[in-house]
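> model the structure of this input:
(chains A and B)
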Amino acid sequence: MSTSAPDSSELLPELLKVKGLSAYYGESRALYGVGFGIEKGTVRSIVGANGAGKSTLLRAIVGMMNRGRAAHMAGTIEYEGRRIDHLETESIVDLGITMVPEGRRLFSSMTVEDNLLAGAFLPRCRAAAQDSLEDVYSFFPRLADRRKQPVAQMSGGEQQMVAIGRALMSAPQLILFDELSLGLAPIVVDQIYERIVEINARGTTCIVIEQDMKRALAVASDVSVLLEGRIVLEGKPADLGIEQVSAAYFGAAATEPAT
Amino acid sequence: MNEDIYWALIDIANGLLSGAMLGGYYAIISIGLALTFGVMRLVNLAHGDLLVLAAYLAVLVLQFLPISPFITLAIVVPVMFAIGYGLQRYLLNAISVQSMERKGMSTGFGLMSPILVTFGLSIVIAHALLGGFASDSRIIRNALSFSAIRLSEDLNVSTLRLIFFAIAVGILIFLHLFLHRTQSGRAIRAASDDAEIAPLVGIGTAKINALASGISLAIAGVAGVMVGMSRTFQPFDGPVFLLVAFGVVIVGGLGSIVGSLVGGVLLGVTQVLAGTYFGPSAQLVAGYMLILFVLAVRPQGLFARRR
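I've put the predicted structure just below:
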């Protein structure tokens, strides 16, 4: 395992710290002692081939790998200095982390507005729910026109906007985005990523899983490459360069990153 | 000749009317079952017995308090809510599909275990009622038992049935507003749509399931008191109401409040008309024929939500 972290990072407060994280689905193992830290206000891209363990990593962070024998994990996850690896998902979300899941996973029988309002279920979000709703509508104007429309009748891009809006409704500090571009036209993906940049500019820390490596590097302040459940490369996109990231992605003989 | 037509029409009108009234009451019997299945994918085989339990609770209350049977609802409904909440929170959540998967059991096992547990619960409740109240038939006496409202000279409707129908419609409207206008209601629908993702917006499914189950039994409590006021009941009558509830859910479609009302009314009208023309024994047969017909033609039910 080769990692490279610029020295300055030691000084910044880490919002999320993952140490020795291993995860299992029944007998099969998906992560092997993964560790990394995320600084507040940054965007971390996690790249890797299918089955490298990217989604598992995100699921572990939001407490979805605490499923007994079916899916379990070992290691520690700290958020703002506090262990969260034993918490239920709803408690983790209450602390300020949420995820935009792969495949959007909207509440399919509900309207746009109901999906968004469901995002403000937590008691700490309820008082501000109407304001948050207007925020999301100004952030995604297209949703404002369709607030009463059932989400099942919307295009994939619009559904992705609802999924992101729903996540924003819980006023998160850290959002995990799992394969935002899956099944969407490139032009739509561009629009979505503009919004991610904007979300980050407002101070929300982001972790992004993205198949399109160019896009993943463009949006990221830091990148981690996962290969078969291990982080094999880590650093700033500008320092690493796309060739090195690609090599790590495909598991080419580990080349020491330039530091 | 004209008189024959008049009487034929009066028969049909009376049948439609009393069938529709019966339907409101059927809707209330079934909505709890539909709600627990819709939200938790849990077929509660004890639903009918819990409903009978509510009727006995009203009997018990009336032994101590000389109040109108309608007022017993103020005690029976909260007690049934608490039973539903506790049952889900402390028993049924522990044996749900998700819990069983956590314990390393298969999904099939997880789907089967609530059926077995609620079946056992059904037997326990029936026998507890037998032990506590003996097997005598009971009825909750009330001033309105034999009262009817005359709509015309030959067209009558039972006052009690009319009141029940109004209560049923009121409950269904209230439930609809609750599910669509409140955060708890939205959370119940969200958990019903995608139980894995609901926690990602902070919805704790253990509590939400318990809430849904509490509401389901609170409504079953109303239904139980209605049942007790309009007919005799015994400790082992639970399955009768469970079957009515299944019938309504099959006809109306799962997860639809309008469906439960329409399903209830269709079933009620079919039964009453069959009873009018072919005698009392035809009532049940006609009801099951309707259920079979809907299953054959539109297995998802008339108002099923598309998935």
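> buried residues in the helix or strand that contains residue A:192?
Residue A:192 is located in helix A:186-201, with elements delineated by DSSP states H and E. Taking 16 or more other C-beta atoms under 10 Å in any protein chain shown as the neighbour-count basis, helix A:186-201 is seen to contain the buried residues A:188, A:189, A:192, A:193, A:195, A:196, A:199, A:200. (Each C-beta comes from the backbone N, C-alpha and C, glycine too.)
> tell me which residues touch the residue of chain B found nearest chain A, please.
Chain B approaches chain A most closely through residue B:102 (3.0 Å), counting by C-beta to the nearest C-beta. Contact analysis of residue B:102 by C-beta atoms under 8 Å, 6 or more residues apart in numbering or on different chains lists A:67, A:68, A:69, A:70.
> show the backbone phi and psi for residue A:54.
The phi and psi torsions at residue A:54 (degrees, to the nearest 10) take the values phi -60, psi -50.
> next, count neighbours for it.
When neighbours are defined as other C-beta atoms under 10 Å in any protein chain shown, residue A:54 has 25 of them.
> where's the residue at minimal distance from the centre of chain A relative to residue A:116, distance?
Geometric centre of chain A, nearest residue: residue A:176, 1.8 Å, by C-alpha atoms, centre = their mean. Applying C-beta to C-beta, to the nearest Å, the value for residue A:176 to residue A:116 is 19 Å.
> near chain B, which residues of the stretch 1-150 of chain A?
Contacts of the stretch 1-150 of chain A with chain B, taken as C-beta under 8 Å from any C-beta of the partner chain, map to A:62-64, A:67-70, A:88-90, A:93-94, A:98-99, A:101, A:105-110, A:114, A:117-122, A:125-126, A:129.
> could you rerun that using 6 Å?
The stretch 1-150 of chain A has residues A:67-70, A:89-90, A:93-94, A:98-99, A:105, A:107-109, A:114, A:117-119, A:121-122 near chain B, with proximity defined as C-beta under 6 Å from any C-beta of the partner chain.
> element containing residue 238?
Unless you meant another one, I'm taking chain A. Remark: residue A:238 resides in helix A:237-249, with elements defined by DSSP H and E.
> nope, chain B please
Counting by DSSP H and E, the element that carries residue B:238 is helix B:238-252.
> the helix or strand just after that helix packs against which elements?
Elements were assigned by DSSP H and E; along the chain past helix B:238-252, the next helix or strand is helix B:257-278. Packed against helix B:257-278, as judged by 3 or more C-beta pairs under 6 Å, 6 or more residues apart in numbering or on different chains; DSSP states H and E, are the following elements: helix B:2-40, helix B:159-181, helix B:238-252, helix B:281-297.
> buried residues in helix B:257-278?
Neighbour count says helix B:257-278 has B:257, B:259-276 buried, by 16+ other C-beta under 10 Å.
> burial check on the residue of the stretch 1-150 of chain A found nearest chain B, number of neighbours?
Taking C-beta to the nearest C-beta as the measure, the stretch 1-150 of chain A has residue A:68 as its residue closest to chain B, at 3.0 Å. Residues near residue A:68, counting by other C-beta under 10 Å, number 14.
> quick one: secondary structure of it?
Three-state assignment for residue A:68 (DSSP: H, G, I helix; E, B strand; the rest coil): coil.
> how about it, what does it touch?
If you count contacts by C-beta atoms under 6 Å, 6 or more residues apart in numbering or on different chains, residue A:68 has them with B:102, B:103.
> what pLDDT is listed against it?
Confidence per residue is given as pLDDT, and for residue A:68 that number is 83.
> tell me the phi and psi of it?
The phi/psi pair for residue A:68 (degrees, to the nearest 10) is phi 60, psi -130.
> hmm, residue B:142 is touching residue B:69, no?
Yes - Residue B:142 is within contact range of residue B:69, at 4.7 Å (criterion: C-beta atoms under 6 Å).
> out of those two, which sits in the busier spot?
For residue B:142 versus residue B:69, neighbours defined as other C-beta under 10 Å are more numerous around residue B:69 (22 against 16).
> you'd agree residue A:119 is up against residue A:166?
Yes - contact between residue A:119 and residue A:166 holds when scored by C-beta under 6 Å: they sit 3.8 Å apart.
> of the two, who's got more company?
In terms of neighbours (other C-beta under 10 Å), residue A:119 is the more surrounded of residue A:119 and residue A:166; the figures are 33 against 28.
> check contacts around that one.
Taking C-beta under 6 Å, 6+ apart as the definition of contact, the neighbours of residue A:119 are A:166, A:169, A:170, B:201.
> redo that, cut-off 8 Å
If a contact means C-beta under 8 Å, 6+ apart, then residue A:119 has A:125, A:165, A:166, A:167, A:168, A:169, A:170, B:201 as its contacts.
> tell me the buried residues in stretch B:243-260?
Within stretch B:243-260, the residues that qualify as buried are B:243-257, B:259-260, counting by 16+ other C-beta under 10 Å.
> and what of stretch B:5-21?
Using 16+ other C-beta under 10 Å as the test for burial, stretch B:5-21 gives B:14, B:15, B:17, B:18, B:19, B:20, B:21.
> one more: stretch B:182-199?
Within stretch B:182-199, the residues scored as buried using 16+ other C-beta under 10 Å are B:183, B:185-195, B:197-199.
> if we look at chain A, which of those residues are close to it?
Of the entries in these, those that also sit close to chain A under the rule C-beta under 8 Å from any C-beta are B:183, B:186, B:187, B:189, B:190, B:192, B:193, B:194, B:197, B:198, B:199.
> ok, the first one to residue B:174 distance?
Which is residue B:183. When residue B:183 is compared with residue B:174 (using C-beta to C-beta), they lie 16 Å apart.
> do the same with residue A:74
Distance, residue A:74 to residue B:174, using C-beta to C-beta: 48 Å.
> ok, residue A:54 - contacts?
Residues touching residue A:54, when contacts are defined by C-beta under 8 Å, 6+ apart, comprise A:46, A:47, A:48, A:178, A:209, A:226.
> and for the third one, the neighbour number?
Counted with other C-beta under 10 Å, residues neighbouring residue A:48 total 26.
> give me phi/psi at it?
Residue torsions, per degrees, to the nearest 10, at residue A:48 are phi 170, psi 160.
> show me the contacts for residue B:59.
B:133, B:138, B:140, B:228.
> and residue A:200, how far is that from chain B?
Here the criterion is C-beta to the nearest C-beta, to the nearest Å. By it, residue A:200 lies 20 Å from chain B.
> and the pLDDT at residue 259?
In the absence of a named chain, chain A is used. Reading off the per-residue confidence, residue A:259 sits at a pLDDT of 44.
> ah, I was thinking of chain B
According to the model's per-residue confidence, residue B:259 sits at a pLDDT of 89.
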